[in-house]
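A.B. asks: Sequence and predicted model, in that order:
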Amino acid sequence: MSAIKKFMYVNRRAPYGTIYALESLEVVLIGAAFEQNVSLAFVDDGVYQIVKDQDTKAIGMKNFSPTYKALGDYDIKQIYVEKESLDARGLTKADLLDLKWEDEEEDYAEKDSIHVVSAAELAEILDQQEVVFSF
Amino acid sequence: MASLHTVNKSPFERNALEGCVRLAAKGSGVLLMEDGVYGALKGTQKSSMVSKSMASLSFYVLGPDLKARGIGEDKLIDGITVVDYNGFVDLVEKFDHTQAWL
């Protein structure tokens, strides 16, 4: 068995207008089965993917935003959101889905998966990755 | 002659909305739909471009696309009218032409 690698999925597109967001989420979930060190980044219009209160009934498309809440169960707990992208869109962390993971080592305490980071911090994180998937 | 302009791309990713407000004649309507609805939000880097052009253009936004993206009507720039699919049809009928900015 090969060594565990650091995988990063970079999401830069808004949901629904194109298929990128849904395809990324599906690849993330498939990849989760391979027990790698997985993290996600949401930058530019990608931040719109995890805005809360999405309701797609009237456009006849599947609302896949609840699926992001399952990421914690797949041990995906490093979700980085670029602050500059939020600011440009008048958004704050309060506008985003409340994504949590359970820490087995602390009696399954619920912890935040979303980390709002600056562009400079995200650049560092990206630089440390071994495999980067772009959507 | 007055035209209805439809914009379906995010103003943060493409310059369709920018081109539209630059080239739409006074008295035209602009309907923001699909990812174009992000142009209707207040407090963004693109808000002032839209609010300035409202002096000569009337703006509409497609409600079902707002809801899909989790955008409440309280987040919209003042003066933008929310329409449903029937309202979209009414707009197409009301204006002389329709031009899509893709």
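C.D. replies: Okay, I see it. Numbering: from 1, shown residues only, chains lettered A, B, ... in the order given.

A.B. asks: Sketch out the low-pLDDT regions of chain A for me.
C.D. replies: A:1 (pLDDT under 70).

A.B. asks: Got phi/psi on residue 100?
C.D. replies: If you meant another chain, say so; for now it's chain A. Dihedral pair for residue A:100: phi -130, psi 160, per degrees, to the nearest 10.

A.B. asks: wrong one, chain B
C.D. replies: Note on residue B:100: backbone dihedrals following degrees, to the nearest 10 are phi -100, psi 130.

A.B. asks: Report whether the expected contact of it with residue B:4 is present.
C.D. replies: No. Residue B:100 is beyond contact range of residue B:4, at 9.6 Å (criterion: CB atoms under 8 Å). Any C-beta I mention is one placed from the backbone N, CA and C, and that applies to glycine too.

A.B. asks: The two: which is more packed in?
C.D. replies: Set residue B:100 next to residue B:4 and count neighbours by other CB atoms under 10 Å in any protein chain shown: residue B:4 wins out with 22 against 13.

A.B. asks: looking at the sheet around that one, what are its partners?
C.D. replies: residue B:29, residue B:98 (DSSP bridges).

A.B. asks: can you give me the helices in chain A?
C.D. replies: All helices of chain A, identified by DSSP state H, fall at A:20-31, A:83-88, A:119-127.

A.B. asks: Looking at the ones you listed, spot the one closest to chain B.
C.D. replies: Minimum separation from chain B across these (CB to the nearest CB) falls at helix A:83-88, 4.7 Å.

A.B. asks: Give the buried residues for that closest one.
C.D. replies: Burial within helix A:83-88, assessed by neighbour count using 16 or more other CB atoms under 10 Å in any protein chain shown, is assigned to A:83, A:85, A:86, A:88.

A.B. asks: Could I get the residues you listed in TSV, plus columns for distance to chain B?
C.D. replies: Shown next, in TSV, are the buried residues of helix A:83-88 (distance: CB to the nearest CB, whole Å):
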residue	distance to chain B
A:83	14
A:85	9
A:86	10
A:88	5
